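Asker: Need the 3D shape of this:
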Amino acid sequence: MPGKMSTKINRKPKTSTLFFFNGQALFIGQGTDTNPHIHHALQIAVGLKDEFRLWWNDQWISTRLVVIDADVSHQLVGPDSGQAILLLEPGTRIAGNIRKRYLHSTTAAFPEFEQVYPFIQALEDSALPPLSCKNARAAMSCVIKTLVPEPERLQPKDP
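Answerer: Numbers count the residues shown, from 1 in each chain. Presented below is the predicted three-dimensional model:
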C-alpha cells in the first residue's frame, strides 16, 4: 500500500483525452491521479513538462519517463502541466521489443529523458485543442520510433 503523500487541492477543471487504436491506447491529460492498480498492458508514462510521481516497488519515485511492464502494481500522480500515457497490448511485437530492450531484468525502467525528448513536442502538440486522432497516432509513432530503433521495430506491422 503506498505511503501517504500530501496532495494539493486544485479547483481548475482538468482536461484529458483517451485515444484507442488497435492494440494501443494513448491518454493525454492533466493532473493524473490513480489509485494503486494493475492492468494487462505495457505502459509508457511521460511527464510533458514536469516530473510525475510513481509508486512502484514499495517506494515513491519522481521521474519524467517510465516504462512499466504488464501486470505490475503501480500508482501515478501526475502534474497539472500534463502527462501522456501510452498503453500497449503486451502480446504485440512492439511491446515485446520494448520489454526486451528495457525490462529484461526488472518490472519498470527509467530510460534517460533526453533519449525521448524528440517526441515530447509531438505529445504536447497532441494535447492542445482541438485534439485529433491523427495527431495522437503521430505522437504514438514518435514514442515507438524513439524507444525502439528501426532494426528492432516490427516488420510487418502489428495489427
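
Asker: contacting residues around Ala25?
Answerer: Ala25 is in contact with Leu18, Phe19, Ala41, Leu86, Leu87, counting by Cβ atoms under 8 Å, 6 or more residues apart in numbering. All C-beta atoms are positioned from the backbone trio N, CA, C, and that covers glycine.

Asker: Format these as CSV; extra columns: secondary structure.
Answerer: Output for the contacts of Ala25, formatted as CSV (DSSP: H, G, I helix; E, B strand; the rest coil):
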residue, secondary structure
Leu18, strand
Phe19, strand
Ala41, coil
Leu86, strand
Leu87, strand
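
Asker: helix, strand or coil for Asn97?
Answerer: Applying three-state DSSP: Asn97 is helix.

Asker: isn't it right next to Val148, touching?
Answerer: Yes. Taking Cβ atoms under 8 Å as the definition, Asn97 is a contact partner of Val148 at 4.9 Å.

Asker: out of everything not next to it in sequence, what's closest to Gly47?
Answerer: Ranked by Cβ to Cβ, 6 or more residues apart in numbering and with sequence neighbours excluded, the top spatial neighbour of Gly47 is Arg64, at 4.4 Å.

Asker: What's the local residue count around that neighbour?
Answerer: When neighbours are defined as other Cβ atoms under 10 Å, Arg64 has 22 of them.

Asker: Over to the one 10 residues further on?
Answerer: Counted with other Cβ under 10 Å, residues neighbouring His74 total 22.
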